[in-house]
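Asker: here is a sequence together with a model predicted from it:
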Amino acid sequence: MTGRVLGYDSTDNTGVISVDNGTRYKFTKEDWKETTQPKKELLVDFEVSVENTAKDIYIVADTLVENTNTLLGLIAVGITFFFGFIGTFISRLFIAKEPLGNTIFPTIIHFIITVSVVIPLIGWLIYFIGTCYYMYKNYMLITAPEYNPYK
C-alpha cells in the first residue's frame, strides 16, 4: 500500500501515514526500513500488520518532485551564472525557499568574490571558481531529496 507520512515524532519514535482514502496507520521507528529519518510528506510503500499499523515501510521515489527539482536546479545554475551574487540570493531565497538568515551569508561571500574581479588575472580566476562553486551549491541545495517544491 502507498501513502504519505503525515508526521513523525523523533522523541518517542512514532509517526503516522495517511493513504488516499483517508485511513491513517501508526508506525514506529522499528517499522521504518530506510536509513534516512522519516519526514513529513514523504511518499512511502508499506504493509499493514494484523494490529492495523504500518510495517516494512520504504520510501517511494516521487518522480514528479525529482524532475521538478532538477529543472529548478538548472534554473538556479543559470540565474547564478548570469546574475552572480544576485543570482545566489534569488536562487536561495525564492527557489530553494531558504530563510533570509541562511541566504544572506552565502550572498555576501559571493559578493566579495565578485569584487575580486577588479584584480587582473588572479581576481578573474577567483571570480570564475567562486561562481562555479555557488552554481554547484545552489544546484545541490535545490535537488536535495528533502527539498519539496510543492510545500
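Answerer: Okay, I see it. Numbers count the residues shown, from 1 in each chain.
Asker: Glu47 against Thr53, yeah?
Answerer: No: the criterion here is Cβ atoms under 8 Å, and Glu47 misses it with Thr53 at 9.9 Å. For glycine as for every other residue, the C-beta is placed from the backbone atoms N, C-alpha and C.
Asker: for Asp45, what are its contacts?
Answerer: 1-2, 57-60 (Cβ atoms under 8 Å, 6 or more residues apart in numbering).
Asker: those residues: which two are farthest apart?
Answerer: Met1 and Ile59 (14.1 Å; Cβ to Cβ).
Asker: hmm, which of the contacts of Asp45 are the buried ones?
Answerer: 57, 59 (16 or more other Cβ atoms under 10 Å).
Asker: and of the contacts of Asp45, the nearest to Asn67?
Answerer: Closest to Asn67, out of all of the contacts of Asp45 and judged by Cβ to Cβ, is Val60, at 14.8 Å.
Asker: tell me what the nearest residue to that closest one once chain neighbours are set aside is bridged to.
Answerer: Using Cβ to Cβ, 6 or more residues apart in numbering and skipping residues adjacent in sequence, the residue nearest Val60 is Leu43, 4.6 Å away. Applying DSSP bridges to Leu43 yields these beta-bridge partners: Arg4.
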